[in-house]
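Asks: the following comprises the amino acid sequence and a computationally predicted model.
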Amino acid sequence: MMMRRLQSLGLVIGPLIFALSPLFWIDGHYGVIGGLLIATATVPWVFGLIGEYNALSLRLPVLSGLWLLLVLIGMFGTVVFGLQGVFEAIFGVTEWRSLATFEVYPLPVAVVLTLAGPVFPAALLFLGAMHWRTGLTPRWSAALLVLAAVAFPIARITRSTPVAFIADLVMLAAFCAVAWFSWHRTSAPSA
């Protein structure tokens, strides 16, 4: 019970820290503080998502296991993007220089940024679908997760601070709902 409650808190704390990051963006870039917030947010968030895996694995053992793999890959990409912002700011690298440097290392950049980056919203989409299917949370909560999964890449592609802030608030609301239902779960769902 105590571990599930701590994991429920992780589902709020992680997205909350993440939602603060656009407030520190500099011209559509993460910067030092924004990047550190993004990277730091992944720790409590993954901890909370492992709790969701535990609940979902009783009903969807194979799918939830594959989903957890997506979560870990996606969060790795999230950390990388956050640290990219930190290092660009620390070393004073402009966007065009950063992208030009990436061309020197096409395979590592493809694996770390191009592939890992989009996996996080895909994992959120699958989480919403699994919640919808299992009824672990009400369907409106599952739909909010799907909305957050769609809004997240739009916000990052546009690099608009207001759009990112709104998308991150949707994400925070979605995970607050998931955390609420996780916190109040009386027992493990039956298989």
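Replies: On my side now, so go ahead.

Asks: distance of the closest residue in space to S182 that isn't next to it in sequence from V170?
Replies: Counting by C-beta to C-beta, 6 or more residues apart in numbering, S8 is the residue found nearest to S182 once chain neighbours are left out, at 4.4 Å. The C-beta positions use only the backbone N, C-alpha and C, and glycine is treated the same way. S8 sits 19 Å away from V170, going by C-beta to C-beta, to the nearest Å.

Asks: before we move on, the earlier item: my guess is the residue nearest to S182 meets C176, correct?
Replies: No - between S8 and C176 there is no contact under C-beta atoms under 8 Å: 9.9 Å.

Asks: more neighbours, the two?
Replies: When neighbours are counted by other C-beta atoms under 10 Å, S8 and C176 differ, and S8 comes out ahead with 23 against 16.

Asks: residues in contact with that one?
Replies: G48, G51, A179, W180, S182, W183 (C-beta atoms under 8 Å, 6 or more residues apart in numbering).

Asks: for M3, see how far away the last one is.
Replies: Just to be clear, that refers to W183. Look at W183 and M3: by C-beta to C-beta, they are 12 Å apart.

Asks: more crowded one of these two?
Replies: W183 (15 against 11).

Asks: after the host helix or strand of the residue nearest to S182, which helix or strand is next?
Replies: Using DSSP states H and E, S8 sits within helix 2-20. For helix 2-20, the following helix or strand on the C-terminal side (DSSP H and E) is helix 31-57.

Asks: what about that following helix, average pLDDT?
Replies: Averaging pLDDT along helix 31-57 gives 96.

Asks: how far is it from where the chain is centred?
Replies: 7 Å (C-alpha atoms, centre = their mean, to the nearest Å).

Asks: and stretch 4-20, by the same measure?
Replies: Offset of stretch 4-20 from its chain centre (C-alpha atoms, centre = their mean): 11 Å.

Asks: buried set for that stretch?
Replies: Using 16 or more other C-beta atoms under 10 Å as the burial criterion, the residues of stretch 4-20 that qualify are 4, 7-20.

Asks: touching stretch 149-165 from outside, list them.
Replies: Contacts of stretch 149-165 (C-beta under 8 Å, 6+ apart): 19, 21-23, 25, 28-29, 118, 120-122, 124-125, 127-128, 166-168, 170-171.
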